[in-house]
Each structure stands twice: as C-alpha cells, then as structure tokens.
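Asker: need a 3D model of the sequence below.
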Amino acid sequence: MQQDNIKVSVLTPIYNHSLIYVRQCLDSLKAQTLQEIEFILIDNGAPDDAKQLIEEYKNLDERFRILHIEKNQGYAYAINLGLEAAKGEYIGLVESDDWIEPEMYEDLYNIADTYDLNLVKSVYYENNKNAQKLCAVYPQHIMNKKISINEVPEFLNTHAAPWSFLYKKDLLDNFRIRLKVKNFSYGNDLGLVIKSYIAAQSIYITDKAYYHYNTFNPNQSMAYQNGNLLIDSTLEEFNDINEWFEANNIDKKLYSFIDKRLFFTLKNIIHLKKVSKKYLKFTAQELKKIKNTNYFSEKELNLLNKIIKNPIDYYNKQHNKITIKDIFTIKRTKDKSHNIFNIFGIKFKFKIKKNNFDKLKHLNEKLYDMQKSNIEAAVIHPSIFSRYKNLYNNSDLVIVGCGPSASFYTPFDNAIHIGVNRAYQLPQLELDYLFVQDLMDEEDMYAADNYLPNKCQKFYALISESREKQVFPKIKRIPLYHVIAANAHQYILKSDIHWRFPFDLTYTPLSDIGGTALTAMQFALFTNPKRIYLVGCDCSIGHFHAEAQNGHGADLSGIKEAWIKLNKYLLNYNYKTEIIVINPVGLKGMFKDVYTQSYVDAHQELLNEDILILNNKNEINEKTVEGEKEYV
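Answerer: Predicted structure coming up:
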C-alpha cells in the first residue's frame, strides 16, 4: 500500500478495555474490505498485555500503525494525536470495545466519493449480552440522500455516536475541529459531532448499519462517574463549542437547538447521578442563561423553570426522597418495595402494599413493550421476511416439533421442512429452516448454530422484555454470539394481551401465542403453501430427545388452547391451506389426522378406530376395522 494513497484513516485508542473486546475489535478492522486504509492504534498508556496484542496485529497486517503515549492522557488527547498523524483522505473512529462490519469503510468511502461529501453517517447497532438493537433510524425521506443540517437541526440533540461517521480530514483541519482535552473526560465526542455537522452543512445518511456499539462492557465509564464531575465536564464541553462558534464567525442563533441539548444533558445527570447541593445550584444558574432559547416547547420550559426555581427540591423528587429542612425524610428503597421514614436520625421501614396503581403500571409497561415490538418489527422484518411472502405457493410444508411422536415420521421427499428447537436432533431429517425461540442449553445451542450451515436457515427470536421478566430465569434471550455463529435471522416476538395472529410478517412481529411450533406456523402460513403437515406437535408431556428421558419433559397440554384458536382463525379468514396432523396426540380431531404405519404398530389401540394411514410412499390410505382402501 502506497503511503500517499490512503483513502481512510481509522483511529482506535487502546487503554483499559478487556482484551476479549479489543481482539474482537481488531479482528473486525483487519477484516475490512477496503485496502487503501490505515488503522492507527493509539497506545494510550495501555497495560503490557494490550501492548503485546496490538504489536501482534501490526505484524499480521501492514495496514496497522501504532502511536505510543507513555502515560494515559485521556481519550481526547489520543484522538487529537491520531488526527495529526493520519494520512487518509477521510477519518473514521472505532472504540476498542466495539466492532464493525467488514464492508463498513469501503461502502462509506464510496458514498463520500460519489457525492463529494465532507460527512457521511450510517445507522448502527447497540449490542448488549442478549440482543442487538438498530439505532439512529431516521424518517425515510431523509435517508440515502444528501441533506442540509439546517433541514434537520434536531440532529444536534441526538446521541453523538461519533464512530458512525466518516469525516473529510480537510474539513476537520480547515475548521480546526478537535476534541476538547479536559481533566475529566466526558462528552468529548459531542463537540466533534456538532462542529462537524455545522462545518460540513450537508450530510448523507445511509440506512445500512455497520457499527456495533457495545453497551455491556463493565468498564464503560458512565457506570461509575460522579455527578458533580459530569456537570463540570458537560459545561466545559459546551463552552468549547461556543468558543468554536465565535472563532469561526458562526451565528449561534441559527443553532440554538444546542442549548436544548445542554438542558437535556444536565437534566439527565440530575436524574441519574448523585449531585451535591452546590452543583445543583450551579446547574440552575447555567440553565437560567439559556432559558429564552426558541426551540423549547411549553412543556420543556415548565420543566426548565422548575429546576431553575428550586433545583434541590427537583433533585430530591427524582430520587424518591422528600426532605423537610433535613429533619424528616421519606425515601423509597431501590426495588420500590418499602418506604423508609427518617425522623431525627431514627429510621422506620414500611412495606408498600400492591394496589391497583401497581397493576395499572404493569399493564402500561406491557403496552409499551408491545408498541416497541411493533416499531422494531417494522424496521427489522422487511429485510428478513419480504423474500418469503408467498414463496411456497402450491408446495407442501412440514413443521416438525419435539413431541415423542416425531420419532415415527419418515420425511417426505419433496416437502419443505421447518424444525422447532431441538428438532434438528432427529437423525432422519434434513431441515430447511429451524426456529429457536429462547436460549437452550449451551451445548444444544452450539449444535443448532452449526447444523447444516449451507442448507438450513436459522431464525432466532428476540423475545419481548416483558415476556423475559415474566418467566425469567426459566426463559432467557438468545445471546448475540449465537446469532452471529449461526448466521441466523433475528425476528421480533411480541407478547400479546389478547390472542392475535399477524397477517403480514414483512412489517409486523410474530405473536407469542404458545410454543415455538406456533411461531413456525405463523411463518409457514405467510409463505402460502398448499398443505402444512404438523409432526411432533403433541401438546403432551415429554419430547423425543434426551430431555424427556431425564424426566424434564415439559407439560405442553396448555398450548392446545392456542391451536384451537388458530383453527377458528383459519376458518374465519377462509385460509386455503390445508392442515394435516401426522400421528396426532393432543391435537387429535382438530385438523385432518393421519398416522404413520410405524406409529400404528406401536399403538395397537388405533386399529379399532377409523384412521388414515401413510403408506411406505407417504401416500394416504384409509384403514378401517373392515380393511383398507385407498384414500384420495
């Protein structure tokens, strides 16, 4: 790579993050498809094992460079040092506990080059232990095109997310855009983003996500920061932004939305962190200076006035603490189960009784969770399920559950097979699809991840938060590392207050109306097949696999009610798909029932009934007490 032909310089400070995260980050840099790129790793006084790790990557790939800082000087100092050393036409930032998609910088550079842009931004993922969430999704009419910051000043009040941008280096140099070096590093990235927005004037936002923002790293600084220091650092950052406006002769009145950002930042600190009385009064004085900003709504102004008028009283109310001249206090425990009364230093603890208000609060939380699921599905599902709509018109689909009767099924040659949870363990099967709703044993999850990787498409659920809370710890979300290992589609699963069935999975969540087999049924009906066969959907106790033998088979008889409602739903909406149950147990008599010969041989009592039997060619025969006749 020629040193004068670098398209992008990526800056990554290395200090105290776990080496597990740092290695994951560096692997994602090394995997970048863009070759005319340099990765500047800034050793910001990192420990010896981290120094050895970054030297390892420098030796593996010539695109890596290392800058050494003898003693930690803070994030801002490290980034500024990297900006001075960078040789690229554009600048990218990646934090050492995050990771990125392989094509990130090649795609963003091509957009910047095509449209001659100073600033390009992408949406991104927030990743926690169990799931990932798509963030920074703006209205469609401003996505995938060049827009002016004056059209969307509300951008100045969103999460800075500086690592989701590609910055033209000339823009940063010409406008002297650098991070503010402070004694306490907090909010350093805010000034960088706001200044870049305003200096660039135009920006292009792509709706494709590349960056994975890690929110579950225990070393993240917000976990232990002091509220007083946060306020100091925030005001220092905004003063730096104002000084930059003056130095570049920019009329701040055009961007008074920034004052709104300052208000909400300080308000959130008061809500979340411990702040002294001195700093509460100091905050009120600073907020008084921006009171007349035009961007505040009437509701926001009322809140602003409350804080300015009596910041200490406002703070106490936010932290469930009422004080009367420091003589009598009432404080609620963190779990909100008890009130603690403090009278002249003597404390009394009283349990809070559950009442209708608590029930209503729980209902509101569930309604919020449902609406959240609807929004997530509208964003995520189009790219997943649109390709499957009506895909199997006039075909046969087989949904394979884990009931004991599944062992007696011989696969149809020309059918599409959709497995549920451990159905992949059936030796006679080769599944086309596998649905897993919640976390199985680690060994079983690993086997599912690696099951027929080139044939079987996996679907792993994002169960709703209210559902997880309701049944935790029995049911847990599937961690993201399994989703990645399986190359699985994540689908949104919604807990409904009332039973309902989604019409179109392209933009609606799947309903949590029973077991995973019912989820697979929603998908199967969406593909509009001619027939759907149900195998191993026993609605009884036990499974075909080892779980049943160990006495841990679940009682699934309660799910029968959901199948009954499904049957009524299909009749009401005149679905043309025929439902056939193979070796029925709990679902007997609900749809069309057929049996395999091997199952009948093991259950001789069936010979006294009028039943339909699959012969060796998987054709259906009708067997009665009087004899056999072919069934058409």
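Asker: pretty sure residue 449 contacts residue 485?
Answerer: Yes. Residue 449 lies in contact with residue 485 (Cβ atoms under 8 Å); the separation is 4.2 Å. Every residue, glycine included, has its C-beta placed from N, CA and C.
Asker: neighbour count winner among those two?
Answerer: residue 449 (21 against 16; other Cβ atoms under 10 Å).
Asker: for that one, what are its contacts?
Answerer: 458, 482, 485, 486, 488 (Cβ atoms under 8 Å, 6 or more residues apart in numbering).
Asker: now, these that are in strands?
Answerer: Assigned to strands by DSSP state E, the following of those qualify: residue 458.
Asker: nearest residue to residue 282 in space, please, no chain neighbours.
Answerer: The shortest distance from residue 282 to any non-neighbouring residue, by Cβ to Cβ, 6 or more residues apart in numbering, is to residue 231 (7.2 Å).
Asker: the one you found reaches residue 284, doesn't it?
Answerer: No. Here residue 231 lies out of contact with residue 284, judged by Cβ under 8 Å, at a distance of 11.1 Å.
Asker: which one's more surrounded, the two?
Answerer: A direct count of neighbours by other Cβ under 10 Å for residue 231 and residue 284 places residue 231 higher, at 23 against 19.
Asker: did I read that right, that one in a helix?
Answerer: Yes. According to DSSP: H, G, I helix; E, B strand; the rest coil, residue 231 belongs to a helix.
Asker: quick one: it and residue 189, what's the gap?
Answerer: Look at residue 231 and residue 189: by Cβ to Cβ, to the nearest Å, they are 18 Å apart.
Asker: show me the shaky parts of the stretch 351-500 of the chain.
Answerer: Applying pLDDT under 70 to the stretch 351-500 of the chain flags residues 352-366, 466, 468-474, 496-499.
Asker: now the stretch 501-632 of the chain
Answerer: Applying pLDDT under 70 to the stretch 501-632 of the chain flags the ranges 546-555, 616-632.
Asker: 80 - rerun?
Answerer: 501, 503, 514, 541-558, 572-574, 615-632 (pLDDT under 80).
Asker: the nearest residue to residue 101 once chain neighbours are set aside is in what secondary structure piece?
Answerer: Distance criterion Cβ to Cβ, 6+ apart; nearest residue to residue 101, sequence neighbours excluded, is residue 210 at 4.4 Å. Residue 210 belongs to strand 202-214 when assigned by DSSP states H and E.
Asker: that strand pairs with which strands, parallel or anti?
Answerer: If you go by DSSP bridges, strand 202-214 pairs up with strand 99-100 (antiparallel), strand 119-127 (parallel), strand 146-148 (antiparallel).
Asker: would you turn those strands into CSV with mean pLDDT?
Answerer: Formatted as CSV, those follow (pLDDT from 0 to 100):
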stretch, mean pLDDT
strand 99-100, 96
strand 119-127, 92
strand 146-148, 87
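Asker: which one, of those, ends up nearest to residue 580?
Answerer: strand 119-127 (41.0 Å; Cβ to Cβ).
Asker: the helix or strand following that closest one pairs with which strands, and in what direction?
Answerer: Toward the C-terminus, strand 119-127 is succeeded by strand 132-135 as the next helix or strand (DSSP H and E). Sheet pairing for strand 132-135, assigned by DSSP bridges, gives strand 119-127 (antiparallel).
Asker: how about the partner strand as PDB, C-alpha atoms only?
Answerer: Provided in PDB are the C-alpha atoms of strand 119-127 (Å, rounded to 0.1, in the frame of the first residue of the first chain):
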ATOM      1  CA  LEU A 119     -19.500  13.900   6.200                       C
ATOM      2  CA  VAL A 120     -21.200  10.500   5.800                       C
ATOM      3  CA  LYS A 121     -23.200   8.800   8.600                       C
ATOM      4  CA  SER A 122     -24.700   5.300   9.000                       C
ATOM      5  CA  VAL A 123     -27.200   3.900  11.300                       C
ATOM      6  CA  TYR A 124     -25.700   1.500  13.900                       C
ATOM      7  CA  TYR A 125     -26.400  -1.300  16.300                       C
ATOM      8  CA  GLU A 126     -26.500  -1.200  20.100                       C
ATOM      9  CA  ASN A 127     -25.400  -4.600  21.400                       C
END
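Asker: show me how far that strand is from its chain's centre.
Answerer: 13 Å (Cα atoms, centre = their mean, to the nearest Å).
Asker: check stretch 371-378 too.
Answerer: On Cα atoms, centre = their mean, the centre of stretch 371-378 falls 12 Å from that of its chain.
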